[in-house]
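Chemist: Sequence first, predicted coordinates after that:
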Amino acid sequence: MKKIALLFLAVLVAGVLAACGEGKSEEGSGGTGSSDKLVIQVGTSPTYPPFESDVNGELVGFDIGLIKKIAEAEGFEVEFSTMQFDGLVPALIAGQIDVVVGAITITDKRLENVAFSNAYYKSGLSILAKPNSGITGFDDLQGKLVGIQKGTSSYNYLIANGVEDRNIKQYADISTTYSSLDTGGIDAVLYDNPSNINYITTQTTDAEIVGDILAGEYYGIAVNKKKPELVEKINAGLAKLQENGEYEKLFDEYLNGEKNGLIEGVAKPEDVVIKVQ
């Protein structure tokens with residue numbers, strides 16, 4: 001009888017401990033709290049206002065606002081990692097991050113290695129030059145020293161259109177490229193038109209945009225190819241923002257209401273991809 005009583009007591013204690021353990025596990029996992037949410041690692045290079053920049057230690061810009069709103073719409077969370085622009089796609093391929101937001105042009109070369117969301121912005125390249133430089137359009141760049149940000153499609157466009165590599169000077173970030181133009185280190189800058197507009201309207205410079213807008217390009221959110229379900233989530237979130245008006249509000253908040261790049265409906269990456277050399 002004593003053995004039976006002791007056995008019953010042991011079973012009872014084990015049951016109580018198991019119940020306590022289960023309760024602690026639920027509390028530790030957050031239950032229905034935020035820790036249960038999917039957390040996405042987002043890579044960006046905060047050197048491209050108004051799409052992404054670092055203001056007093058805080059990431060801000062069109063792309064930052066967009067991915068945050070998509071995350072909110074789809075019920076996941078984001079954690080940001082910052083790095084040089086030309087390191088973003090390699091980090092994505094290596095699995096160090098899950099997605100990249102950074103005004104990433106959808107190109108055939110990139111599609112070989114990463115997946116893309118539907119396009120969220122239509123952009124193009126423009127030329128920035130100093131007054132009296134003699135540069136009034138793309139043809140005038142021949143024989144000139146043209147500055148670009150390393151790893152961007154500006155390089156591919158220049159090479160594809162006859163500018164020699166020795167006449168292209170690459171910089172780690174666009175702010176240094178602009179500074180070099182203002183100090184006479186280069187003759188012109190070829191870069192995304194929204195950034196060029198932002199530079200000449202927010203900084204003290206006499207540089208100006210010359211010639212036509214070149215090479216229509218589309219920006220997408222790059223995603224690790226091993227995560228097709230994440231592409232679906234991002235596309236679903238983008239569609240919701242387009243429908244409820246939050247997407248268009250980003251143009252007012254970050255682009256001063258300039259909506260030439262706004263995309264209505266779905267622009268699939270395979271339909272807007274551009275070929276690069």
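Modeler: On my side now, so go ahead.
Chemist: quick one: low-confidence ranges for the protein?
Modeler: Scanning the chain for pLDDT under 70 picks out 1-35, 277.
Chemist: which residues of it fall in strands?
Modeler: 39-44, 47-48, 52-55, 58-60, 77-82, 99-105, 115-116, 121-129, 146-149, 168-171, 188-192, 208-223 (DSSP state E).
Chemist: name the helices or strands packed onto the fourth one?
Modeler: The helices and strands touching strand 58-60, judged by 3 or more CB pairs under 8 Å, 6 or more residues apart in numbering; DSSP states H and E, are strand 52-55. Bear in mind the C-beta positions are built from the backbone N, C-alpha and C, glycine included.
Chemist: Next: the longest one.
Modeler: Contact here means 3+ CB pairs under 8 Å, 6+ apart; on that basis strand 208-223 packs against helix 88-93, strand 99-105, strand 115-116, strand 121-129, helix 153-160, helix 193-202, helix 228-244, helix 269-272.
Chemist: okay if I get the ones you listed as CSV plus mean neighbour count?
Modeler: As requested, those are exported to CSV (neighbours: other CB atoms under 10 Å):
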stretch, mean neighbour count
helix 88-93, 19
strand 99-105, 27
strand 115-116, 24
strand 121-129, 22
helix 153-160, 20
helix 193-202, 18
helix 228-244, 18
helix 269-272, 15
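Chemist: between those, which one is nearest to D36?
Modeler: Minimum separation from D36 across these (CB to CB) falls at helix 228-244, 15.7 Å.
Chemist: Contacts for the closest one next, please.
Modeler: 40, 66, 69-71, 73-74, 76, 98-99, 115-118, 120, 221, 223-224, 246-248, 263-266 (CB atoms under 8 Å, 6 or more residues apart in numbering).
Chemist: And the residues you listed, which of them are buried?
Modeler: The neighbour count (16 or more other CB atoms under 10 Å) marks 40, 66, 69-71, 73-74, 76, 98-99, 115-118, 120, 221, 223-224, 246-247, 263 as buried among the contacts of helix 228-244.
Chemist: re earlier: could you dump the helices and strands packed on strand 208-223 to JSON lines with distance to D54?
Modeler: Shown next, in JSON lines, are the helices and strands packed on strand 208-223 (distance: least, CB to CB, whole Å):
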{"stretch": "helix 88-93", "distance to D54": "15"}
{"stretch": "strand 99-105", "distance to D54": "13"}
{"stretch": "strand 115-116", "distance to D54": "25"}
{"stretch": "strand 121-129", "distance to D54": "20"}
{"stretch": "helix 153-160", "distance to D54": "22"}
{"stretch": "helix 193-202", "distance to D54": "15"}
{"stretch": "helix 228-244", "distance to D54": "23"}
{"stretch": "helix 269-272", "distance to D54": "28"}
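Chemist: Go through the ones you listed and name the closest to F80.
Modeler: Using CB to CB, the helices and strands packed on strand 208-223 put strand 99-105 closest to F80, at 8.9 Å.
Chemist: residues in contact with that closest one?
Modeler: Applying CB under 8 Å, 6+ apart, the contact partners of strand 99-105 are 40-45, 48, 51-52, 63-64, 66-67, 85, 88-89, 91-92, 110, 114, 116, 121, 123, 152-153, 192, 194-195, 217-224, 230, 234, 274.
Chemist: Check stretch 261-277 too.
Modeler: For stretch 261-277, the external contacting residues (CB under 8 Å, 6+ apart) are 105-109, 111, 115-123, 153, 156, 159-160, 194, 215-218, 220, 239, 242, 247-248, 251, 255.
Chemist: Over to stretch 56-72?
Modeler: Stretch 56-72 is contacted from outside by 40, 42, 44, 46, 48-54, 77-78, 80, 82, 99, 101-103, 120-121, 221, 233-234, 237-238, 241, 246-247, 250-251, 253-255, using CB under 8 Å, 6+ apart.
Chemist: go again using 7 Å as the cut-off
Modeler: Residues outside stretch 56-72 that contact it (CB atoms under 7 Å, 6 or more residues apart in numbering): 40, 42, 44, 46, 49-53, 77-78, 80, 101-103, 120, 221, 234, 237-238, 241, 246, 250, 253-255.
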